[in-house]
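*Asks:* this one's structure only:
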């Protein structure tokens, strides 16, 4: 798709890696052993990481 959003729920382990379709992103230590929601904004080509309703981090996410 060339627009829209994709929502993913991921568990963050002790290595603090957010895995999104085999791409890895480092997240803050306070997210260790917590679930986060990662939303891919397709048109903007970015990922937004949300924990307990707060945006924690954003990453560029280039789509082919």
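*Replies:* Arrived safely, thanks for sending. Owing to the predicted nature of the structure, the values given are computational and were not obtained by experimental measurement.

*Asks:* any idea which element the residue minimising distance to the centre of the chain lies in?
*Replies:* By C-alpha atoms, centre = their mean, the chain has its centre lying nearest to residue 38, at 3.3 Å. In this assignment (DSSP states H and E), residue 38 forms part of strand 34-41.

*Asks:* partner strands of that strand and their direction?
*Replies:* Note on strand 34-41: by DSSP bridges, its sheet partners are strand 5-12 (antiparallel), strand 46-51 (antiparallel).

*Asks:* redo these as JSON lines? Include mean pLDDT, distance to residue 22 and mean neighbour count.
*Replies:* For the C-beta atoms, the positions are set from N, CA and C on the backbone; glycine is no exception. Formatted as JSON lines, the strands paired with strand 34-41 follow (pLDDT from 0 to 100; distance: least, C-beta to C-beta, whole Å; neighbours: other C-beta atoms under 10 Å):
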{"stretch": "strand 5-12", "mean pLDDT": "97", "distance to residue 22": "12", "mean neighbour count": "14"}
{"stretch": "strand 46-51", "mean pLDDT": "98", "distance to residue 22": "14", "mean neighbour count": "18"}
